[in-house]
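> how would this look folded up:
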Amino acid sequence: MKRTYYIVVYYLSWVAFAFFGLLLNLVCTPLLLVPRRARLSPVVRSAIRRMFDFWVRWFHASGVLRLTWHGFDRPLEPGVVYVANHPSLVDATFLMARLPDAFCIFKRKLMNNPVVGPAALMAGYVSEGNPVDALRAASAAVAAGQSFLVFPEGTRTSPGVVLEPLKYGFALVAHRAHAPVQLILIRTSEGLVPRGRPWWVPPKHLPGAIDVWLDQRWAHDPSRSPKALAESVEKRMHEALGGIVPRNLESSG
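Okay, the predicted model is just below:
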């Protein structure tokens with residue numbers, strides 16, 4: 001009975017996410033024609049953050065997913081490059097619900113998708129289309145005070161792998177924007193929409209769990225090259241994630 005309850009709630013969670021996401025995009029579609037629409041971008045980013053926060057609260061209330069924050073007892077700063085590992089499809093939404101005035105880089109095909117693209121465009125999210133243009137746009141946004149959430153693996157981590165090879169673009173953004181880099185580490189329960197698993201396949205372990213740590217921070221240092229910064233971040237991620245026991249193994253030990 002418990003398993004049936006969690007599976008039903010799991011699917012209802014995605015239905016609610018799709019409904020509110022579609023509603024937001026329907027509202028944003030005509031706004032794309034408004035002159036100087038960039039003025040509305042902070043409002044749309046706030047709406048997205050509230051929608052994701054509602055999703056987090058729904059998961060907590062239903063009990064289908066337990067999310068635990070470690071080290072997030074102090075307010076987070078804007079104008080920071082937030083770097084995180086990417087074990088699950090849902091972790092981006094939880095982080096976007098927590099980070100102040102955050103944006104991310106959207107895949108080009110999603111930016112052109114009429115179902116999800118209008119809200120992303122209105123929010124001022126950056127398209128990955130041209131790498132040089134994307135880096136410039138992201139750097140300008142961070143320098144203007146926005147938070148940049150980036151998963152430098154470029155995709156979700158493969159099951160059984162600690163960390164995929166990192167792309168170093170985030171370090172270039174931080175260097176150009178004179179911004180600090182803040183590392184966030186994520187651990188999820190087994191099968192929580194990892195790479196290669198579609199969202200409509202319920203996780204084997206329900207209720208699921210996500211633990212999020214606010215880890216090391218690198219202040220802007222003009223004498224440090226972007227490559228050196230990226231290598232330092234990558235080294236720390238391997239050290240930390242290699243010592244994190246998967247929750248299903250930890251609980252069974």
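> Tell me which residue is most central in this structure.
A92 (2.5 Å; C-alpha atoms, centre = their mean).
> For that residue, give me its contacts.
Going by C-beta atoms under 8 Å, 6 or more residues apart in numbering, A92 touches H86, C104, L149, F151. C-beta: built from backbone N, CA, C; applies to glycine.
> for the biggest helix by length in the chain, the distance to its chain's centre please.
What stands out as the longest helix in the chain, according to DSSP state H, is helix 2-31. Here the centre of helix 2-31 is set off from its chain's centre by 18 Å, with C-alpha atoms, centre = their mean, to the nearest Å.
> With stretch 180-195 instead?
On C-alpha atoms, centre = their mean, the centre of stretch 180-195 falls 9 Å from the chain's centre.
> May I see the buried residues of that stretch?
Within stretch 180-195, the residues that count as buried by 16 or more other C-beta atoms under 10 Å are 180-189, 191-195.
> on that earlier part again, between which two of the contacts of A92 is the distance greatest?
Across the contacts of A92, no pair lies farther apart than H86 and C104, at 11.2 Å, counting by C-beta to C-beta.
> tell me the secondary structure for V43?
helix (DSSP: H, G, I helix; E, B strand; the rest coil).
> Name all residues that make contact with it.
Applying C-beta under 8 Å, 6+ apart, no residues contact V43.
> Distance of it relative to Y11?
According to C-beta to C-beta, to the nearest Å, V43 and Y11 sit 31 Å apart.
> just F20 next, same as before
Distance, F20 to Y11, by C-beta to C-beta: 15 Å.
> And for L163?
31 Å.
> out of those two, which sits in the more crowded spot?
L163 (18 against 14; other C-beta atoms under 10 Å).
> Go ahead and confirm the more buried one touches P152.
No: using C-beta atoms under 8 Å as the test, L163 is too far from P152 to be in contact (9.4 Å).
> shared neighbours of the two, which are they?
E234.
> contact partners of stretch 187-205?
Contacts for stretch 187-205 (C-beta under 8 Å, 6+ apart): 6-7, 10-11, 14, 65, 87-91, 155-159, 208-212, 244, 246-248.
> for the stretch 151-253 of the chain, what spans make up the strands?
Under the criterion DSSP state E, counting those that start in this stretch, the stretch 151-253 of the chain contains strands at 181-188, 208-218.
> Spell out which strands sit alongside the last one in the sheet and which way each one runs.
This points to strand 208-218. Taking DSSP bridges as the criterion, strand 208-218 forms sheet pairs with strand 65-70 (parallel), strand 181-188 (antiparallel).
> picking up where we left off before, nearest to F59, out of the strands of the stretch 151-253 of the chain?
That would be strand 208-218 among the strands of the stretch 151-253 of the chain, by C-beta to C-beta, at 8.6 Å.
> any idea how far the residue lying farthest from the centre of the chain is from V9?
Ranking residues of the chain by C-alpha distance from their mean position (C-alpha atoms, centre = their mean) puts M1 at the top, at 32.7 Å. Using C-beta to C-beta, one gets 13 Å for the distance from M1 to V9.
> got any residues that touch both of the two?
Contacts common to M1 and V9, judged by C-beta under 8 Å, 6+ apart, are absent.
> Quick check, pLDDT for S232.
S232 is assigned a predicted lDDT (pLDDT) of 95.
> Which residue, other than its chain neighbours, is closest to it?
Spatial nearest neighbour of S232, excluding adjacent residues (C-beta to C-beta, 6 or more residues apart in numbering): W218 at 6.7 Å.
> burial count for that neighbour?
For W218, using other C-beta under 10 Å, the count is 19.
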